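>>> Coordinates only, no sequence provided:
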């Protein structure tokens, strides 16, 4: 079910892309992640396949994949009451951007770079940096605390 592909990065180092494809009810579900070591990629495949074999494993995967960045931001604002008013306002402003409507699992670096470019059209660089800094605080909490597939 899982496969590992070698990929050469721009700097010449080798990366290992682990990929799992599951077909169920006529739908194709694909998971992938890139690692520096092949052993880590094999471990990830083994662990994810075990999770998917458990009852409701695929349903849990679908549930966490369907969460948008906007939902993750809103949950961050409501559950973490110790954040300041300025940070909350910046995150609220980010909810209006197109990237906020994307599913967490589909967000890549290029989307965040695009967001920063869009923000820089009518804001100073230090303001854009502040917005991106506030957004980056959501990422390390979303996956471990809530199970959202946000990297």
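Thanks, I have the structure now. Quick caveat, the model's predicted, so the values are computed rather than measured.

>>> This protein - how does it break down into domains?
The chain breaks down by automatic domain parsing into domains covering 2-65, 69-146.

>>> Ranked by average pLDDT, which of these falls at the bottom?
In terms of average pLDDT, domain 2-65 trails the rest of the domains of the chain, at a mean of 79.

>>> biggest helix in this structure by residues?
The longest helix of the chain (DSSP state H) is helix 38-53.

>>> helices or strands next to that helix in the packing?
With contacts taken as 3 or more CB pairs under 8 Å, 6 or more residues apart in numbering; DSSP states H and E, helix 38-53 sits against strand 2-8, strand 14-24, strand 27-35, helix 57-65. From N, CA and C alone the C-beta is placed, and that goes for glycine too.

>>> One more pass at 6 Å, please.
Of the remaining helices and strands, those touching helix 38-53 by 3 or more CB pairs under 6 Å, 6 or more residues apart in numbering; DSSP states H and E are strand 14-24.

>>> Run the chain-centre distance for the strand it packs on.
Offset of strand 14-24 from its chain centre (CA atoms, centre = their mean, to the nearest Å): 16 Å.

>>> Return the list of strands paired to that strand, each annotated with direction.
Note on strand 14-24: by DSSP bridges, its sheet partners are strand 2-8 (antiparallel), strand 27-35 (antiparallel).

>>> Burial-wise, tell me which of those comes out on top.
Across these, averaging neighbours per residue (mean count of other CB atoms under 10 Å) puts strand 27-35 on top, at a mean of 14.

>>> could you give the angle of that strand to helix 38-53?
Here strand 27-35 runs at an angle of 150 degrees relative to helix 38-53 (axes from the mean of the first three to the mean of the last three CA atoms, to 10 degrees).

>>> Can you give the contact residues for strand 27-35?
Outside of strand 27-35, the residues within contact range by CB atoms under 6 Å, 6 or more residues apart in numbering are 15, 16, 17, 18, 19, 20, 21, 22, 41, 44.
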